[in-house]
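Asks: for reference, the sequence and a predicted model appear below.
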2 protein chains.
Amino acid sequence: MKTWIRFRNAHGQTGFGVLENHRITQYDGEMFGVSTPGANLLSLEDVTLLSPCVPTKVVALWNNFHALSEKLGKAAPSHPLFLIKPPTSVIGHGEPIRRPKAYSGKIAYEGELAIVIGKRCSNVSAEEADDHIFGYSCINDVTAAELLNEDHNFAQWCRSKGFDTFSCIGPAIQRDFDWRNAHVVTRLDGVERQNYPLSDMIYSPAQQVSLISQDMTLEPGDVIACGTSIGVGSIKDGATVEVSIGGIGVLSNVLAGGA
Amino acid sequence: MKTWIRFRNAHGQTGFGVLENHRITQYDGEMFGVSTPGANLLSLEDVTLLSPCVPTKVVALWNNFHALSEKLGKAAPSHPLFLIKPPTSVIGHGEPIRRPKAYSGKIAYEGELAIVIGKRCSNVSAEEADDHIFGYSCINDVTAAELLNEDHNFAQWCRSKGFDTFSCIGPAIQRDFDWRNAHVVTRLDGVERQNYPLSDMIYSPAQQVSLISQDMTLEPGDVIACGTSIGVGSIKDGATVEVSIGGIGVLSNVLAGGA
């Protein structure tokens, strides 16, 4: 029971289950609570993938990789630095990223590892943190880059990253995943643009969960985006961004043109 | 049907309804959907008030009053500047603000008007916005002030304002409210510390809803905190903060000591 997905079936109903060899065993109950395998076996081809979780918040880190920190000439932070992205920003694998109606500027991709919380947690230690992590996914932390520093007095992190469809999460949640040996690879229209090792993280997943749980209660299904590293760039309308992490899968989304 | 509240009754059940002369008519259904008055009449003394809504996000504005903008020497912004506070930060009237375990620094109050969204909205015009506002409440936008600029490269708005219990909302939602003629008054242990007119807002509630709905879909129950004006200060452990808006009511919360 390693790879969990959420999906919509041909009748428009939402379900979740375990994926193995392109076959889905649908589960009853709650993904982060009590769940039991049902009799329903589906083929991956017969469903539409959804974001594998429905977070109440996405906590997105900035400056969490040594390589990018050095390139930007910024000191490593003394605590995870983060912004919050709203639930309305979340889409799944295959859904289009939509350009905001009133924005014609540069839109950037950021391929990242996503931590998916499995149990409510507040003030947990780094040792306890792993027990509160359900699993891992890929996230494309999309940014309307020209809005970020539009106002000289206030960096607009939440606005530039908070638009509907700007948190692409998926394709699945992988429960057995060793981040220490994995790379995040981002491809733009098939061309590799990011390829960085997760071992270069400043704060490990367990440290992130522990420290952020001291700032706010984390709920089942909440997502922490672990921050990106070098290679961020802009997406042209119509281009496809793939965020790929070995052991998790490939998250693919197209930037649709003007809405 | 002007004053809406949410509450917990003596049996621990959550309900909502209309308050008039200290008597509550409990409603069935959904506050932001279809609801009908039930037979249940309660006395205000027999219930515990909860936050009058359960937002999926709190959008909190910075630099939205001319007086504070001038005092800080900052230009008025060309778009509402905001951060996002998570659902876990929300408490109601009478609930204690809790000092974060790992933080012994200054905690500030900010008395503000809260807009409560009634209908899902995306890309609405300022003319259409009022129809999407359910009503208004008071909010104390609490801040762990010393964390905000702890890192020189990244202003930690979401962290310093996102702690559990740092968005006090209530006591009620007022549907018939003329913000143009109201003041926000904040009292610290009974002493007036803020008293500013809402007519001094840079972006009106309708402009805020319209412009922010172009950044992200607003959901029923979501809250926009309209920003504060001059008179912000710190709360000592054990002190009581009252945010009072004529026509809405008095929101009162104590800062509890170390958790």
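Replies: On my side now, so go ahead.
Asks: what residues does the stretch 51-200 of chain A put near chain B?
Replies: The stretch 51-200 of chain A comes close to chain B at residues A:56-57, A:62-63, A:74-75, A:77-79, A:81-89, A:100-102, A:122-123, A:150-151, A:153-159, A:162-164, as judged by C-beta under 8 Å from any C-beta of the partner chain. Every C-beta, even on glycine, is put in place using the N, C-alpha and C of the backbone.
Asks: mind checking how far A:H132 is from chain B?
Replies: A:H132 is 15 Å from chain B, where distance means C-beta to the nearest C-beta, to the nearest Å.
Asks: looking at the residues of the stretch 51-200 of chain A next to chain B, which are in helices?
Replies: Those of these mapping onto helices are A:157-159, per DSSP state H.
Asks: ok, of those, which one's closest to chain B?
Replies: A:C158 (4.6 Å; C-beta to the nearest C-beta).
Asks: number of nearby residues for the closest one?
Replies: For A:C158, the count of nearby residues is 25 (other C-beta atoms under 10 Å in any protein chain shown).
Asks: repeat for A:K101
Replies: A:K101 has 11 nearby residues by other C-beta under 10 Å.
Asks: how close does the residue of chain A positioned farthest from its centre get to B:V250?
Replies: Here chain A reaches farthest from its C-alpha mean at A:A39, the gap being 30.2 Å by C-alpha atoms, centre = their mean. Using C-beta to C-beta, to the nearest Å, A:A39 is found at 57 Å from B:V250.
Asks: so in chain A, which helix runs the longest?
Replies: Chain A, longest helix under DSSP H: helix A:205-213.
Asks: ok, then the element right after that helix?
Replies: Using DSSP states H and E, the helix or strand that follows helix A:205-213 in sequence is strand A:223-225.
Asks: flag every buried residue along the longest helix of chain A.
Replies: Buried residues in helix A:205-213, counted by 16 or more other C-beta atoms under 10 Å in any protein chain shown: A:205-206, A:208-213.
Asks: again with stretch A:251-259
Replies: Under the neighbour-count criterion of 16+ other C-beta under 10 Å, stretch A:251-259 has A:251-255 buried.
Asks: which outside residues touch it?
Replies: Residues from elsewhere that reach stretch A:251-259 (C-beta atoms under 8 Å, 6 or more residues apart in numbering or on different chains): A:91, A:93-101, A:104, A:107, A:137-140, A:168-171, A:235-244.
Asks: how about a cut-off of 6 Å?
Replies: By C-beta atoms under 6 Å, 6 or more residues apart in numbering or on different chains, the surrounding residues in contact with stretch A:251-259 are A:93, A:96-99, A:101, A:138, A:168, A:170-171, A:235, A:237, A:239-243.
Asks: give me the buried subset of the residues you listed.
Replies: A:93, A:97-99, A:138, A:168, A:170-171, A:235, A:239, A:241-243.
Asks: which of these sits closest to B:G33?
Replies: For the buried ones among the contacts of stretch A:251-259, the residue nearest B:G33 by C-beta to C-beta is A:R98; the value is 26.5 Å.
Asks: ok, that closest one to chain B distance?
Replies: According to C-beta to the nearest C-beta, A:R98 and chain B sit 11 Å apart.
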